[in-house]
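Engineer: Below are the sequence and a predicted model for it; my questions follow.
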Amino acid sequence: MRGLQLAAAGERLSVLCLGAHSDDIEIGAGGTLLSWMDQGIRLDVHWCVLSGGSEREREAKASAADFLAAGASHRIETLEFRDGFFPEQGVQIKSWFEALKDRIRPDVILTHRQEDAHQDHRQVAQLTWNTFRDHLILEYEIPKWDGDMGRPNFYMPISAAAVQRKIDLLIFHFGTQRSKQWFDAETFRSLARLRGMECRAPDGYAEAFVARKLALA
């Protein structure tokens, strides 16, 4: 399998990260972000969490700062759209997306998968595509009890060290989530191992995405 390189060591890469909830970006793409920085890519990240507030907002900001500590620059933006009711808040969320489009010009966008079973995740994915028409969009996956894991077509091999770092940060920062049956190190490592097997990753681990549109230069 031939790899595609978005940026080389020392080059800058502008990344927009979109997550419905405070831990979504880290679960779906945290290893990819850590790996890019480990490769020497200078990341400029705009990190947006649409459903925050109180303790979960504090968790989101602290986690994002830790994940992006080795990046070139970052901006963390948290909003207070109501958890579980994104489709009912579609007009307000769409307006926020339109304003966001005027503020940033990312090289790549990391967002939710369109077929995700969670209604908030689907709303974010749909509005990402509605709003950003000329960008590379990679849709990440979130394991959950719904059993909605799909068939990805874009893989980011990650090192064993990056997997461990991702897991350590998730467990450390998201105390509000630790009581959930699926939120544990075994779940995160198992999915990374499965995706690593699928793309024959050197260390055996990977994160996977859906890439619906790619153009070769």
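Structural biologist: Nice, thanks for sending it over. Residues are numbered from 1 along each chain as shown.
Engineer: all contacts plus neighbour counts: C-alpha atoms, from now on.
Structural biologist: Noted.
Engineer: Ranking helices and strands of the protein by mean pLDDT, which lands last?
Structural biologist: helix 54-67 (a mean of 93; mean pLDDT, DSSP states H and E).
Engineer: and after that helix, which helix or strand comes next?
Structural biologist: Elements were assigned by DSSP states H and E; along the chain past helix 54-67, the next helix or strand is strand 73-78.
Engineer: Surely residue 17 is within a strand?
Structural biologist: Yes - assessed with DSSP: H, G, I helix; E, B strand; the rest coil, residue 17 lies in a strand.
Engineer: quick one: it and residue 47 touch, right?
Structural biologist: Yes - here residue 17 lies in contact with residue 47, judged by CA atoms under 8 Å, at a distance of 4.8 Å.
Engineer: what about the closest residue to residue 176 other than its chain neighbours, distance to residue 109?
Structural biologist: What sits nearest to residue 176 in space, not counting adjacent residues and going by CA to CA, 6 or more residues apart in numbering, is residue 56, at 7.3 Å. Distance of residue 56 to residue 109, computed by CA to CA, to the nearest Å: 23 Å.
Engineer: repeat for residue 213
Structural biologist: For residue 213, the distance to residue 109 - CA to CA - is 12 Å.
Engineer: quick one: the nearest residue to residue 204 once chain neighbours are set aside from residue 93, how far?
Structural biologist: Distance criterion CA to CA, 6+ apart; nearest residue to residue 204, sequence neighbours excluded, is residue 196 at 4.7 Å. Remark: distance between residue 196 and residue 93 (CA to CA) = 35 Å.
Engineer: how much space between the residue nearest the centre of the chain and residue 51?
Structural biologist: The chain has residue 25 as the residue nearest its centroid, 3.2 Å off, counting by CA atoms, centre = their mean. Distance from residue 25 to residue 51, counting by CA to CA: 12 Å.
Engineer: how about the residue lying closest to residue 68 once chain neighbours are set aside, what does it touch?
Structural biologist: Closest residue in space to residue 68, ignoring its immediate chain neighbours: residue 74 at 7.1 Å, by CA to CA, 6+ apart. Counting by CA atoms under 8 Å, 6 or more residues apart in numbering, residue 74 touches 43-47, 68.
Engineer: where does the chain have low pLDDT?
Structural biologist: 1 (pLDDT under 70).
Engineer: Could you pull out the strands in it for me?
Structural biologist: Per DSSP state E, the chain carries strands over the ranges 12-19, 42-49, 73-78, 108-112, 136-140, 154-158, 205-210.
Engineer: How about the contacts made by residue 6?
Structural biologist: So, once contact is read as CA under 8 Å, 6+ apart, residue 6 ends up touching residue 13.
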